[in-house]
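> need a structure here:
(chains A and B)
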Amino acid sequence: MSSHSSVAAHDAAHDPNLKHHFENADQQKESASIGMWVFLLTELMFFGGLFLAYFVYRQWYPEAFIAASNKTDVLVGAINTTVLICSSLTMALAVHYASKGRRELLVLFLIATLLLGGIFLGVKGYEYHDKWVHHEIPGEHFECHGCADEVHTQLFFSLYFGMTGLHASHMIIGFGVLLVLIWQAWKGQFSAKWYTPIEMFGLYWHFVDIVWIFLFPLLYLIDRVGRPLL
Amino acid sequence: MQEHSEHHIVPKRVYALVFATLIVLTWVTAWVATVDLGAFNIYVALSIATFKASIVVLFFMHVKYGTRLTKFIVCSGILWLMFLLFVTMGDIWTRSWMGVPGR
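Residues are numbered from 1 along each chain as shown, chains lettered A, B, ... in the order given. Presented below is the predicted three-dimensional model:
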């Protein structure tokens, strides 16, 4: 027993970030990665329920969904998708430079990710405001001129706000984590040998990007046939 | 049983290619929605989205370079999502065939 722990203590002296219950750094990293993926899969099922609700109601009330979806601004949606993909690229580059131990570039790309995420949320806020002004928020003051099926048009907007809101709340949480990571990276807490928090946050951020990759066509692009993009 | 898990650093060229593909496909999917494909518009849109998500998972999220255990866990999660979506939608799609009251 004591000889084991002294061996572990000896090994740990080489790498302060290696926890004693792991064989080596690779095993520790693999465990973190799998843990993160299991968390992301619970998130997948979480969002999956909302996607399922969307598909069921779209199947039942296609006309109402077309009428409601045509009220979203495709150009703004496409621009925001582009912004989010850019933030995924900067996040991937942040992980890349973390793995090379380049502290300044790591901090730079984390800040870029934060800024692009901020632009996305800003544009989203603009869209929400637009919906507010046009009485497109479900509830008492909902108005839809020329809608044949107002009740189910509201249903689309309930899903719109539920899904984009849950997505945005994930980004806001990501924002908080990013601020901490930027601070830690700036203080030099990560190295080429150990940058697991950066890598795990990267997985989270890309996951949030993937959710949006599906939200964009489903919420913005229903039956746009014959309507110009711009 | 030893799994290779050396630190695979993905070349920046790969990130650039994935990024360019994602951007192009975003605007392709926005454009193709304006083209009349009948009932296929939704399938084209979902196929493009699935392809985009796949390259994000494989390259940005490094699953392509991950261990078999990671790949297995990711695939099992996607499989369960497919159960959720297709078993329920199978019910919704086929109810009208039988004239069941309440659709």
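> who does the helix or strand containing residue A:51 touch, helix- and strand-wise?
Using DSSP states H and E, residue A:51 falls within helix A:25-60. For helix A:25-60, the elements it packs on are helix A:150-186, helix A:196-220, helix B:68-94, judged by 3 or more Cβ pairs under 8 Å, 6 or more residues apart in numbering or on different chains; DSSP states H and E. Placement of C-beta: from N, CA and C, glycine included.
> so, in contact with chain B or not, the shortest one?
Going back to what we said before, that points to helix A:196-220. Yes. Figure legend: helix A:196-220 in contact with chain B (Cβ under 8 Å from any Cβ of the partner chain); contacting residues A:202, A:203, A:206, A:207, A:209, A:210, A:213, A:214, A:216, A:217, A:218, A:220.
> For my notes, please list the residues you listed in TSV and give pLDDT and neighbour count for each entry.
Putting the residues of helix A:196-220 next to chain B into TSV (pLDDT from 0 to 100; neighbours: other Cβ atoms under 10 Å in any protein chain shown) gives the following:
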residue	pLDDT	neighbour count
A:202	97	25
A:203	97	22
A:206	98	22
A:207	98	24
A:209	97	25
A:210	98	21
A:213	97	24
A:214	97	20
A:216	97	23
A:217	96	25
A:218	96	21
A:220	95	24
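> so which of those comes closest to residue A:120?
Nearest to residue A:120, judged by Cβ to Cβ, of the residues of helix A:196-220 next to chain B is residue A:209 at 9.8 Å.
> quick one: the next helix or strand after the helix holding residue A:51 to helix A:150-186, angle?
Downstream of helix A:25-60, the first helix or strand assigned by DSSP H and E is helix A:62-69. Per axes from the mean of the first three to the mean of the last three Cα atoms, to 10 degrees, the angle that helix A:62-69 makes with helix A:150-186 is 50 degrees.
> Packing partners of helix A:62-69?
Helix A:62-69 packs on helix A:150-186, going by 3+ Cβ pairs under 8 Å, 6+ apart.
> ok, now which ones touch the residue lying closest to residue A:155 once chain neighbours are set aside?
Excluding its sequence neighbours, the residue lying closest to residue A:155 (Cβ to Cβ, 6 or more residues apart in numbering or on different chains) is residue A:57, at 5.7 Å. Counting by Cβ atoms under 8 Å, 6 or more residues apart in numbering or on different chains, residue A:57 touches A:65, A:152, A:155, A:156, A:159.
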